[in-house]
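# output the structure for:
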Amino acid sequence: MIDDGKFEEIKTIAEENYKKIGKVRCPYLNTDVHFNTEGFEHVLYKKWDTPRSKQEQYTRLKLLPLAVKVIAQSHTLQEYNEQKAFVRVQSNSKWNKELKLVRYYVFMAIINNALIKVVVREIEGRNKIFYSIIPKWRTETKEGERKRILYTGNPEED
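Residues are numbered from 1 along each chain as shown. The predicted structure is shown next:
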């Protein structure tokens with residue numbers, strides 16, 4: 001269990017630092033990757049209205065500074081996914097869902113003995129944005145035994 005006070009402290013610090021990033025140049029994409037609220041929200045929520053567990057949020061918040069390093073140093077794409085998907089768009093101060101082409105670029109790096117996966121998302125007609133940071137595994141304890149569990153591999157949810 002994570003202490004509520006420590007969790008809130010980490011969350012506040014991570015959010016303050018995240019807001020200062022703005023954008024980072026990615027050598028592979030040869031363009032800037034923007035760090036906006038959508039990326040930060042995805043660190044906290046699996047989907048728009050489905051929060052991640054506190055442990056998962058805590059882990060991702062602690063890893064956020066590494067996302068900048070991975071994007072800034074990536075010269076090789078590790079995974080790519082392209083699909084049509086309904087995405088939330090705001091128009092005339094109203095939220096709607098529209099079918100758009102969505103591309104996911106996944107970069108991986110080993111930093112401080114941790115394998116980190118960073119997802120950059122591009123929605124048709126918009127900037128590329130930081131979308132997620134994922135430790136390559138998570139741990140679960142069952143019957144007193146800790147096991148590493150891989151994430152789903154779905155960049156939209158991970």
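
# in the sheet, which strands lie alongside the helix or strand harbouring residue 97, parallel or antiparallel?
Residue 97 is part of strand 94-111 when elements are defined by DSSP states H and E. Applying DSSP bridges, strand 94-111 is found paired with strand 79-91 (antiparallel), strand 114-123 (antiparallel).

# list the buried residues of it.
100, 102, 104, 105, 106, 107, 108, 109 (16 or more other Cβ atoms under 10 Å). Just so you know, the C-beta spots here come from the backbone N, C-alpha and C atoms, and that holds for glycine as well.

# just say which of the strands paired with strand 94-111 is most tucked in.
strand 114-123 (a mean of 20; mean count of other Cβ atoms under 10 Å).

# who touches that strand?
26, 29, 33, 63, 66-67, 70-71, 74, 78, 87, 100-110, 128-137, 155, 158 (Cβ atoms under 8 Å, 6 or more residues apart in numbering).

# between the buried residues of strand 94-111, which is nearest residue 18?
Residue 18 lies nearest to residue 107 out of these, by Cβ to Cβ, at 17.9 Å.

# hmm, the closest one is touching residue 77, no?
Yes. Under the criterion of Cβ atoms under 8 Å, residue 107 makes contact with residue 77 at 6.8 Å.

# shared neighbours, the two?
Contact criterion Cβ under 8 Å, 6+ apart; residues bridging residue 107 and residue 77 by contacting each: residue 28.

# may I ask you to name the longest helix in the protein?
Assignment by DSSP state H gives helix 54-73 as the longest helix of the chain.
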